[in-house]
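Student: Provided below for reference: sequence and predicted model.
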Amino acid sequence: MNSFVQTLLFTTAAGAALRPRQGNDGCCFQLASVGMVNETVLEDHVGDLLLGGTFQQGGFCLDKTNGTIQDSLGHNCFMRAPDYQFECYQGAIGTTAFDIASPKPDGKSYLTYDNSPGVFYACPIDSESYDIYSSDKADKSGCLPVSLALVDQTAACSATASNSTLSVRSKTAHRTTLQIARPTRSLRRQSSSKACSIDPSAPSLAPYQLSHGNSSVSSGSNATSAEVIIGRNYSMVFDYAIPDTFPPTNATGESSLCALQFRMPVCSTLPKGYPCYSFSGLEQEVLANSGMTFHLMSDDGNATWNSTELHQVFPGENTIIGTFECGRIAGYNGSRKMNWHVSSIRDFALEFLQAGVGPSAQFQNGVGAWIVPCK
């Protein structure tokens, strides 16, 4: 009984304390996620920060002189190795440098960290709640990218945001030289329930030609043009010819699984002379939940495919767009033809040169969509 009473008293006291100190002269606030998960940031009794659930709403204060955050109990908050979970503990000190970005078009100010765009990851605990991690978390399988918006902030936070040295908008405006030193990993959605892992040395097929998929641009295909423009008024068609020797027959002779994979290397790692892509940015993808759809227009092999699924791509990532059975239908001669219509969702924009297009492609490796075998 005593143990139960002590727990109850601790719960009540802690819950009452986890409110923002509105009387504080500094920048104090609460947080709410925006993106693929929209929940209030809560704090449990051991200092873990959560999205969803039954704990009390967390309250936080930012010390703008050193970029540190404390919760309403005065505990330091951080995201440090090896887990990179967002948590607040008494006496613990992390190296995370927090900041507040200037208000966005939606009128909200967002929490950022370590001079990055401020992308966090919500990783499910159960059907109702999520732990929060930084983009440095190694395994983000099943996690969803979100941003954290300030709620009920004090007046001092507005001054902090207006004086912030971080300007995500200015970084993404220079899209021809976009280089992200801390690339985040995309949510891996697959159009097939079958798992697919890809060997880095696996053979890859680039499209044999590209064409514009909307009426506002010339519809003629050009097998030598590698330019891809995807945006509000632009879409593209990627045409592939899969030879009967692809992929090489496996030892068991069974039909193997192939994938459509989108590769988006960080610009600094592209081959010499390869132009950097132009990209609407991480912030726009996460806040607007934008991206691309890959609609399978035709396939000689009649693959099962989800043409409506939203796919998000991030610098530094190879993203599996979907999977299908390799090979051709029985009795069919010649290469298997497949093509996808790729279009923008919610103003996502991406321009690049698809590597490997044409018999004399200048760049065989780089940005773009490839057909690869799963292992």
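Tutor: Arrived safely.
Student: mind listing the helices for the protein?
Tutor: For the chain, the helices defined by DSSP state H cover 2-17, 155-162, 168-173, 282-288.
Student: quick check: mean pLDDT of the first one?
Tutor: Put plainly, it is helix 2-17. The pLDDT scores in helix 2-17 average 36.
Student: try the third one
Tutor: Helix 168-173 shows an average pLDDT of 34 in the prediction.
Student: now the second one
Tutor: pLDDT averaged over helix 155-162 equals 74, rounded to a whole number.
Student: when you give positions from now on, start the count at 36
Tutor: Shifting the count to begin at 36 puts that one at helix 190-197.
Student: point out where this structure drops to low pLDDT.
Tutor: 36-60, 194-229, 249-259, 284-290, 363-367 (pLDDT under 70).
Student: now do the contacts for the closest residue to residue 187 other than its chain neighbours.
Tutor: Distances taken as CB to CB, 6 or more residues apart in numbering place residue 65 nearest to residue 187, at 5.3 Å, with adjacent residues excluded. Every C-beta, even on glycine, is put in place using the N, C-alpha and C of the backbone. Shown in contact with residue 65 (CB atoms under 8 Å, 6 or more residues apart in numbering): 55, 75, 76, 92, 93, 94, 95, 185, 186, 187, 188.
Student: can I get the residues you listed in TSV including distance to residue 282 and neighbour count?
Tutor: Shown next, in TSV, are the contacts of residue 65 (distance: CB to CB, whole Å; neighbours: other CB atoms under 10 Å):
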residue	distance to residue 282	neighbour count
55	57	21
75	48	17
76	46	25
92	52	18
93	50	25
94	55	23
95	51	26
185	50	25
186	51	15
187	56	15
188	54	23
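Student: ranges for the strands of the stretch 186-335 of the chain?
Tutor: 244-247, 262-265, 271-277, 292-299, 313-314, 326-334 (DSSP state E, counting those that start in this stretch).
Student: so the third one versus strand 292-299, what angle?
Tutor: The directions of strand 271-277 and strand 292-299 differ by 140 degrees, with axes from the mean of the first three to the mean of the last three CA atoms, to 10 degrees as the criterion.
Student: what's in contact with strand 271-277?
Tutor: By CB under 8 Å, 6+ apart, strand 271-277 touches 240, 242-248, 256, 263-265, 293, 332, 361, 363, 370-377, 389, 404, 406.
Student: what subset of these is buried?
Tutor: By neighbour count, with 16 or more other CB atoms under 10 Å, the contacts of strand 271-277 hold 240, 242-248, 263-265, 293, 361, 363, 370-371, 373-377, 389, 404, 406 as buried.
Student: still on that earlier bit, what separation do you get for the residue nearest to residue 187 and residue 352?
Tutor: 32 Å (CB to CB, to the nearest Å).
Student: surely residue 175 meets residue 158?
Tutor: Yes. Residue 175 is within contact range of residue 158, at 7.2 Å (criterion: CB atoms under 8 Å).
Student: what's the overlap in contacts for the two?
Tutor: Residues touching both residue 175 and residue 158 (CB under 8 Å, 6+ apart): residue 168.
Student: re the thing from before, can you name the residues bridging to the residue nearest to residue 187?
Tutor: When assigned by DSSP bridges, residue 65 has beta-bridge partners residue 186.
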